[in-house]
Structure formats: C-alpha cells, structure tokens
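Peer 1: how would this look folded up:
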Amino acid sequence: MAFNWDDSLLLGNAEIDEQHRQLFDHFEKFSLSCQEGQGEEVLKELLMYIDEYSSQHFSYEEAFMAQHEYPKLPEQQLQHAQFRDTVNKLWEMETDNADEHQLSLVVYRKLILWFIQHIKNLDHEMVNHILAQQHN
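Peer 2: As a prediction, the model looks like this:
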C-alpha cells in the first residue's frame, strides 16, 4: 500500500491542497509502518490525527463552499458526516481490540480510498464550479 502524493489530487487552492498533502503524509507513514510490522502503534496515532484533521479540514472546506454559495454543499456535508462516522466506528473497533491486520485493511478501504475518490470527484467538481462562477 503506497500513498504517495499525486498531482491529480491538486485542486488549485493552496490551503486545501496543503491540508490534503499533510493527510497523505500521515497515510504514507501508516503504510510504511504496516510494512515494517509496526502498524499497531501508528494506527492509534493515525486515527487521532484523522479525527482532529477531519473536523478542522471539513469545517474549512464547508466554510469555503458556503462563502462561494456552492449548490452541492449539502451533499459535501453529508459525505463529510459519513466519513466522520466511519472514523468513529474505527475507533470502536480499535477500542474493542480488533485484529490489527483487519483494522489496517479497513482503514485502507474505508478512509484512504474514500479520501482519494472524494478529492478526485466531489472536491474537483466543487473547485471547477467555483472557478467557472468566478470567470462569469
């Protein structure tokens, strides 16, 4: 599992791009730790980081969308809430001492892949809409 930053994830908003890049740095650290057999220690750090990150990042993005009167803000808010629910479920699994390997796979499928798809689809659509509105 490699999670190197890819320029296809750039949105053209310096603040949002930097926030996304920082998240991917944490995903990469987690991936490397799993490969070295130290995923369990880093998993808790990753979940704490994502919990705090998602709260701050989603608030920033939603304020940005509201500022630009983005019509799909409710859809984005729903997606963000679902992501936060997933993080909470992962915390429950971690607290219940779920198998580390299984939990790592869930983190990959439920968080990392979600974020990649979210950025490439909904976030790109949002930025493209806002840029089009600014040029009209």
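Peer 1: so how far is the longest helix along the chain from its chain's centroid?
Peer 2: For the chain, the longest helix by residue count, based on DSSP state H, is helix 39-67. On the basis of C-alpha atoms, centre = their mean, to the nearest Å, helix 39-67 sits 7 Å off its chain's mean C-alpha point.
Peer 1: Sort out which residues of that helix are buried, please.
Peer 2: 39, 42-43, 46-47, 49-50, 53-54, 57-58, 61-62, 64-65 (16 or more other C-beta atoms under 10 Å). To be clear about C-beta, it is placed using only N, CA and C from the backbone, and glycine gets the same treatment.
Peer 1: Where does pLDDT dip in the protein?
Peer 2: The model of the chain has pLDDT under 70 over residues 1-4, 98.
Peer 1: what's the residue closest to the geometric middle of it?
Peer 2: F115 (4.1 Å; C-alpha atoms, centre = their mean).
Peer 1: Report the separation between it and P71.
Peer 2: 23 Å (C-beta to C-beta, to the nearest Å).
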